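sharing a model that was predicted from the sequence below.
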Amino acid sequence: MSKYYILRVQTTIKTILCNRPDHRFTNQNPKAQNSRHRETMVNGDDKASSQKYGVPLYGAAWVPPSAAVVVNEDIAAESETPAPHTVKPHVVLAGGGGEGHSGIRNSLLLSSADLESNSLSDQPVAELGTGSDLPYRIAVHPGGEGIICSFPKSCRWFEWDLNTETDEHTLSLKSSDNALEQLEDVGQQLAMTFNSEGSLLAVGGEDGKLRVFKWPAMESTLSEDNAHPSVKDLDFSPDGKFLVSLGGGPGRIWNVATSTSVASLPRQNDEILGFCRFSRTTDIDQVLYITAMRDRGGSIVKWNTSTWKRISSTHVSRDPISAFNVSPDGKLLAIGTIQGDIFIMSSARMRVLTVVKKAHLGLVTALAFSLDSRALVSASLDSSARVTLIKDKKENGNGLWMIALLILLLALAVFYAKSIELFPLKP
């Protein structure tokens, strides 16, 4: 594991033990900070939506629905359009105690999620041990083929295993025979991602090397030894034309077709760029979000994807941002902090909608939205995973606008009636 993350863990543990905020990153005016987040404050102490699984967690993702769908053969014989049988939503988690004799196992875990009751299973529904190797980062294939996981020295591929022998179908993970020889003995990979089609895989190493492969052939399309001092995050644009990479110093934009760097994203005022995500603002337009750490806390910087210039910067938290993601529909941003708080923001207005205080007792290590953007799963070093449902505020907003419009129309009607009385029309 990188010294950067070890330092963050040490800082967080110290903060938890002292039961006080880390004042190196604290705004001197907490009242001003609190006044910005009055929309919805949620207490993180919700036993149903949050569960502890006994291992520090570093990765979290939703299992694609296609991984848990089978066709009912009896119905298929009688119908031209067989009805699929689905299992309930699942999240996959990665974590453990690492090498040595800590007594904490290293595992990939599957937990079932009930979105109606906003709850996670109190125990993993499936678990796959990884021996002495700590599973650190995970990337789920969007087509439901499986999951790639980074370990201290190599990356490995795992496949979903759907058991249909019983009436209640169950999902688990199994090791794959597909050995990723190109990612063996490459050292710790800190960032991994597939493009939206699942045809490309990008991985970035602690040593600063960036690699892009065609999937599943694992044919190399880009190999850059010194992309960054250490590659910390990666993301493909929705149209698949660009790849953004971060890892110390400025960010970089890569043209996927030509495998060349086409733009640099400079820092301002000694800020530290942390996480990056592309998103769509319309069916045509794209936008890039990058988190930035400054002396006053964590911010989100929005970038134009044509000029690669900054559009805006929005301050979000006094505490450093430790996890970040964007909803599939592009409407929401999620931020996790080293203090265990979660912020959910509107991407259109860049305004905080919901704050979950102390969602976790340790720093938030991973955030992922469900495919329908209705739920957010988060993971933490305190061994907990949590599901936060996204409340639709659109109905309430539309209701307020309708009331305001009715009041305005009523006022105009009264004004018109009085004007007729004051100035009657001549016969």
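Looks like it arrived, so ask away.

mind listing what's buried in stretch 53-68?
Judged by neighbour count using 16 or more other CB atoms under 10 Å, the buried positions of stretch 53-68 are 53-65, 67-68. For glycine as for every other residue, the C-beta is placed from the backbone atoms N, C-alpha and C.

likewise stretch 223-240?
Within stretch 223-240, judged by 16+ other CB under 10 Å, the buried ones are 224, 227, 228, 230, 231, 232, 233, 234, 235, 236, 237, 238.

one more: stretch 138-147?
138, 139, 140, 141, 144, 145, 146, 147.

OK, contacts around the third one?
With contact taken as CB atoms under 8 Å, 6 or more residues apart in numbering, residue 140 is in contact with 61, 62, 63, 64, 92, 146, 147, 194.

identify the spatial nearest neighbour of the fourth one, chain neighbours not counted.
If you skip the residues right next to it in sequence, residue 64 has residue 144 as its closest partner in space, 4.1 Å away by CB to CB, 6 or more residues apart in numbering.

how close does the one you found get to residue 320?
34 Å (CB to CB, to the nearest Å).

what do you get for residue 108?
Computed as CB to CB, the residue 108 to residue 320 distance reads 27 Å.

which one of these two has more residues nearby?
When residue 108 and residue 320 are compared for neighbours, residue 108 comes out ahead with 25 against 22, by other CB atoms under 10 Å.

name the helix or strand for the more buried one, please.
Using DSSP states H and E, residue 108 falls within strand 107-114.

for the stretch 301-427 of the chain, what spans make up the helices?
394-422 (DSSP state H, counting those that start in this stretch).

who are the contact partners of residue 305?
Applying CB under 8 Å, 6+ apart, the residues near residue 305 are 237, 242, 278, 285, 286, 287, 288.

below-threshold pLDDT in the chain: ranges please.
Counting by pLDDT under 70, the chain shows low-confidence ranges at 1-47, 69-86, 101, 166-168, 392-402, 404, 417-427.

show me which positions of stretch 248-259 end up buried.
251, 252, 253, 254, 256.

what helices or strands is the strand holding residue 108 leaning on?
Packed against strand 107-114 by the contact rule (3 or more CB pairs under 8 Å, 6 or more residues apart in numbering; DSSP states H and E) you find strand 90-95, strand 119-120, strand 126-129, strand 170-175.

so it versus strand 90-95, what angle?
Counting by axes from the mean of the first three to the mean of the last three CA atoms, to 10 degrees, strand 107-114 lies at 150 degrees to strand 90-95.

neighbouring strands - and their directions - for strand 107-114?
strand 90-95 (antiparallel), strand 119-120 (antiparallel), strand 126-129 (antiparallel) (DSSP bridges).

between the helices and strands packed on strand 107-114, which one is closest to residue 337.
strand 90-95 (18.9 Å; CB to CB).

so who does the residue nearest to residue 64 touch?
Neighbours of residue 144 in contact, by CB under 8 Å, 6+ apart: 63, 64, 65, 66, 67, 160.

quick revisit: hmm, who's touching the strand holding residue 108?
With CB under 8 Å, 6+ apart as the test, strand 107-114 has contacts from 51, 53, 55, 63, 87-96, 119-121, 124-130, 135, 138, 147, 149, 158, 171-173, 375, 377, 385, 387.

the closest residue to residue 286 other than its chain neighbours and residue 51, how far apart?
Closest residue to residue 286 apart from its sequence neighbours, by CB to CB, 6+ apart: residue 305 at 4.6 Å. Computed as CB to CB, the residue 305 to residue 51 distance reads 38 Å.

again with residue 126
15 Å.

quick one on the thing from earlier: from the contacts of residue 140, which is closest to residue 272?
Of all these, residue 272 sits closest to residue 61, with 25.2 Å by CB to CB.

CA atoms only: put the helix or strand harbouring that closest one into PDB for me.
Here residue 61, judged by DSSP H and E, is contained in strand 57-62. The C-alpha trace of strand 57-62 is given here as PDB (Å, rounded to 0.1, in the frame of the first residue of the first chain):
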ATOM      1  CA  LEU A  57     -12.900  -1.900   3.400                       C
ATOM      2  CA  TYR A  58     -11.000  -0.300   0.500                       C
ATOM      3  CA  GLY A  59     -13.300  -0.900  -2.500                       C
ATOM      4  CA  ALA A  60     -17.100  -1.000  -3.100                       C
ATOM      5  CA  ALA A  61     -19.300  -1.300  -6.200                       C
ATOM      6  CA  TRP A  62     -22.700  -2.500  -7.300                       C
END
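
contacting residues around that strand?
With contact meaning CB under 8 Å, 6+ apart, strand 57-62 is reached by 89-95, 134-140, 147, 149, 365-371, 377-381, 383-385.
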